[in-house]
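# A predicted structure for the sequence below; I have some questions about it.
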Amino acid sequence: MKNILFGLVVFTLICACSRESEPTGFIADLAAGKAIAEADCSDCHGMDGRGENPDIPNLAAQSSSYLVEAMHAYRDGGRLHAALQDMTSEMSEADIINIAGYYASQPALEPLASQPVGSDSYSEGASVAEICEDCHGDKGVSMEEGVPSLAGQQPAYLIVATQEYRKGQRGHEGEAGMMDGLEQVDIEKMAMYFASQSAPEREAPPFGDTVAGRAASAYCGKCHGSRGISDDPMVPNLAGQDPVYLVNAIKSYRDRERHCESQKPNKSDQTVEDIAAYYSTQRSMASIEQQSSGKELAAKCDRCHAPVNRERKINIPSLKGQSKDYLVSAMQDYRDEDRANSMMHKMSSRYDDEMIEAIATYYAGLSN
């Protein structure tokens, strides 16, 4: 079990929100669990359950049933780690329960000194965004006919769209040159800045019928959400958008000049104008909270990982006092779908690296 290093790697993370399968027929023998830990586990996890380096999760004071479930997953191939699978395949059920019981019985670890979070991505994003505001308006609120607003837009969508402009994959003369020298992190900061802005309500445009547009937008709402506020981070918000831009964009999709599998080709020009008028008058709002701290961002995580929820017969690990580097790595893996958990994929899809860093720093600084 010497290689339990990552072995219990996923032990400690984030919403493996499965129902508790409390082992039956065995009561943990803490002395036996200590003997196994001393012989095989301590090189990686120590006798106190603290990972020996930042990439190894802490096991102390975790739920014993959660640790048992995690080892079962390695043994049965539900979690992939060759060394751990070999190790757990030769373990008896009593061994698994004893090891879990021993580490669960260890006192909660005092947090190590946390590395401070880097400069705030939103304030830095404001300076990067200046190159866009000449066209897209102050804080991304477009006042120029035919130019889209960026305020309140989905950050993931903005990141992808900006990357496509930078690579010349979207036809807009001069756009690629404007972004020369921008690194990926700059694009992320800019997207987060614009996403955190909101825009004032627009007056109805001089064309289109907003009432008719509401009914005609029903099909669009399948992807773009109620009143043009998307639930999908890769689908743009339409609420509060410039109406002329919307007309041009919808027609481009309708006429197959731009690709969208869901776009119906039979909309009349009048229907297009009605839809554009309706969406342009809907209230736009920030798609993320501005200046969110690690504590504020972690509030969503606490819906599952708070102690009161972990005590409700659900096998969810504690994140408090966990290794910061381990938490960063694990959350990035969930976000990038390198770890299998559909709930975590959805939860973390909107987080850039700096947001993940803030969450991990917050939890690493707490006592378990």
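That came through fine.

# Does L67 belong to a helix, a strand or coil?
Using DSSP: H, G, I helix; E, B strand; the rest coil as the criterion, the local structure at L67 reads helix.

# what does the model give P107 for pLDDT?
Predicted confidence (pLDDT) at P107: the value is 93.

# Help me confirm that it comes into contact with A61.
Yes: counting by C-beta atoms under 8 Å, P107 touches A61, with 6.7 Å between them. For glycine as for every other residue, the C-beta is placed from the backbone atoms N, C-alpha and C.

# Neighbour count for those two, which is higher?
The residue with more neighbours, out of P107 and A61, is A61; 18 against 10, by other C-beta atoms under 10 Å.

# so that one, which of the three states?
With three-state DSSP as the basis, the three-state label of A61 is coil.

# list the contacts for it?
With contacts defined as C-beta atoms under 8 Å, 6 or more residues apart in numbering, the neighbours of A61 are 49, 104, 106-109, 318, 368.

# Same check on D352?
D352 is in contact with 121, 155, 188-189, 191-192, counting by C-beta under 8 Å, 6+ apart.

# sorry, back to before: export the contacts of A61 to a markdown table and tack on distance to S280 and secondary structure?
Compiled in a markdown table, those are given as follows (distance: C-beta to C-beta, whole Å; DSSP: H, G, I helix; E, B strand; the rest coil):
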| residue | distance to S280 | secondary structure |
| --- | --- | --- |
| G49 | 57 | coil |
| A104 | 57 | helix |
| Q106 | 59 | coil |
| P107 | 59 | coil |
| A108 | 54 | coil |
| L109 | 54 | coil |
| S318 | 47 | coil |
| N368 | 50 | coil |
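
# most neighbours, which of those?
Within the contacts of A61, neighbour counts (other C-beta under 10 Å) peak at G49, which reaches 25 neighbours.

# my guess is that residue meets Y103, correct?
Yes: between G49 and Y103 a contact is recorded at 4.8 Å, counting by C-beta under 8 Å.

# so what sits against both of those two?
Common contact partners of G49 and Y103 (C-beta under 8 Å, 6+ apart): 59-60, 62.

# how long is stretch 280-300 from one end to the other?
For stretch 280-300, the first and last residues are 31 Å from each other (C-alpha to C-alpha, to the nearest Å).

# buried set for it?
280-282, 284, 287-288, 292, 294, 297-298 (16 or more other C-beta atoms under 10 Å).

# And stretch 323-342, by the same measure?
For stretch 323-342, the neighbour count (16+ other C-beta under 10 Å) marks 323-335, 339, 341 as buried.

# what bits of the protein have low per-residue confidence?
Along the chain, segments meeting pLDDT under 70 span 1-25, 113-123, 171-177, 261, 289-292, 307-314, 342-343, 346, 368.

# can you list the domains in it?
Under the assignment automatic domain parsing, the domains of the chain span 4-115+293-364, 121-280.

# residue boundaries of the strands in the stretch 251-368 of the chain?
Assigned by DSSP state E, counting those that start in this stretch, the stretch 251-368 of the chain shows strands spanning 314-315.

# now the helices for it?
Applying DSSP state H, counting those that start in this stretch to the stretch 251-368 of the chain gives helices spanning 269-280, 294-305, 307-310, 324-335, 342-348, 353-364.

# Ok, which of those helices comes nearest A94?
Go through the helices of the stretch 251-368 of the chain one by one with C-beta to C-beta and the one that ends up closest to A94 is helix 307-310, at 24.7 Å.

# Contact partners for the nearest residue to Y362 once chain neighbours are set aside?
Using C-beta to C-beta, 6 or more residues apart in numbering and skipping the chain neighbours, the partner closest in space to Y362 is G294 (3.2 Å). When the contact criterion is C-beta under 8 Å, 6+ apart, the partners of G294 are 117, 358-363.

# same check, this time on G78
Residues in contact with G78 (C-beta under 8 Å, 6+ apart) are H72.

# Quick one: classify it as helix, strand or coil.
Counting by three-state DSSP, the three-state call for G78 is coil.

# Compute the distance between it and R339, please.
In this structure, G78 lies at 12 Å from R339, with C-beta to C-beta, to the nearest Å as the measure.

# Which elements pack onto the top helix by length along the chain?
With residue count as the measure and DSSP state H as the assignment, the chain has helix 121-136 as its longest helix. The elements that helix 121-136 packs onto, with contact taken as 3 or more C-beta pairs under 8 Å, 6 or more residues apart in numbering; DSSP states H and E, are helix 184-195.

# buried ones in the helix it packs on?
Across helix 184-195, burial judged by 16+ other C-beta under 10 Å covers 186-195.

# related to what we said a few turns ago, quick check: next helix or strand after the longest helix of the chain?
Elements were assigned by DSSP states H and E; along the chain past helix 121-136, the next helix or strand is helix 155-166.

# Name the residues of that next one that are buried.
Under the neighbour-count rule (16+ other C-beta under 10 Å), helix 155-166 has 155-159, 161-162, 165-166 buried.

# what do you get for stretch 267-275?
By neighbour count, with 16+ other C-beta under 10 Å as the criterion, the buried positions of stretch 267-275 are 267, 271-275.
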